[in-house]
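Asker: Sequence and predicted model, in that order:
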Amino acid sequence: MTSDAPAFYFDLAVPECYLVAERILRLLPVACQWRPVLASQLPGGLGGFGGWRCAEEREIALSQLERDAARHGLQPVRWPQQLPLDSSLAMRVATYAASIGRAVAFTQAAFRQIYAGGRDLSVPDNVLIAAAACEMHPSAVLKAAELRSVRDALERATAEAAARGVGALPAIWSTSGVFVGDAGLDEAAELLA
């Protein structure tokens, strides 16, 4: 699915991706592909999220994300009990959603389940709630999440991102370069205007 169109690379386990997903449609002046990838398989991993040395460091990181969400006018962040979270099921469903033209709808619903609702998306019922929000049938979602072709597509997208120089998420790739993080969205929007 490689093309020269801009791409937004994300993993539902990376909270900063939520901040970008909530703003990208309004800020980016061009359409872009939403590409689910596995942050843990990129050179930068989860970008340090979850690699806290102590409880105080964890609280500082979470508080900063909460302030960033408030600054952008987003709903208050409600953290799931388990952080970092296991996004493997939800990421396979996001890959399936992308294959049927529902990447944006599912991704936004899933991010809101996690970071506005505080729900754990390793729980299948929570993933199905996000899928139902964009009219994806529960049986089809669960079946697709177990398909080898969906797993392979997610791995290919991750390899594509790495080959394009994406080492941390969230990232926006364009032929002009890779823009990383929440601030990267603002840079990409200016450059692509």
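Answerer: Looks like it arrived, so ask away.

Asker: is it true that Gly184 lies in a helix?
Answerer: Yes: applying DSSP: H, G, I helix; E, B strand; the rest coil, one finds Gly184 inside a helix.

Asker: Now it. Nearest residue, chain neighbours left out?
Answerer: Ile172 (6.0 Å; C-beta to C-beta, 6 or more residues apart in numbering). Placement of C-beta: from N, CA and C, glycine included.

Asker: Over to Ile129?
Answerer: Gln113 (6.2 Å).

Asker: Could you double-check that that neighbour lies in contact with Ala132?
Answerer: No: look at Gln113 against Ala132 with C-beta atoms under 8 Å: they stay out of range, at 10.7 Å.

Asker: Those two: which has the busier surroundings?
Answerer: Neighbour count, other C-beta atoms under 10 Å: between Gln113 and Ala132, Gln113 has more, with 22 against 13.

Asker: So for that one, what's the pLDDT?
Answerer: Model confidence at Gln113, given as pLDDT, is 96.

Asker: What lies in contact with whatever helix or strand it lives in?
Answerer: Gln113 belongs to helix 103-115 when assigned by DSSP states H and E. With contact meaning C-beta atoms under 8 Å, 6 or more residues apart in numbering, helix 103-115 is reached by 10, 12, 15, 17-18, 21-22, 25, 33-36, 69, 75, 77-80, 85, 90, 93-94, 97, 119-121, 126-127, 129-131, 133-134, 136.

Asker: So which of those residues belong to strands?
Answerer: If you go by DSSP state E, the contacts of helix 103-115 have 10, 33-36 in strands.

Asker: Can you tell me which of those residues is nearest Ala61?
Answerer: Checking those against Ala61 by C-beta to C-beta gives Phe10 as the nearest, at 18.3 Å.

Asker: Return the distance of that closest one relative to Pro36.
Answerer: 6 Å (C-beta to C-beta, to the nearest Å).

Asker: next one: Pro84
Answerer: Counting by C-beta to C-beta - Pro84 and Pro36 are separated by 16 Å.

Asker: more crowded one of the two?
Answerer: Counting neighbours by other C-beta under 10 Å for Pro84 and for Pro36 shows that Pro36 has the greater number, 29 against 16.

Asker: Read off the pLDDT value for that one.
Answerer: pLDDT, Pro36: 98.

Asker: Touching, it and Ala98? I think so.
Answerer: Yes: shown here, Pro36 and Ala98 form a contact pair, counting by C-beta under 8 Å, at 6.4 Å.

Asker: Assign a three-state SS to Leu169, would you?
Answerer: Applying three-state DSSP: Leu169 is coil.

Asker: Next, count neighbours for it.
Answerer: 26.

Asker: Quick check: it vs Val37, distance?
Answerer: 7 Å.
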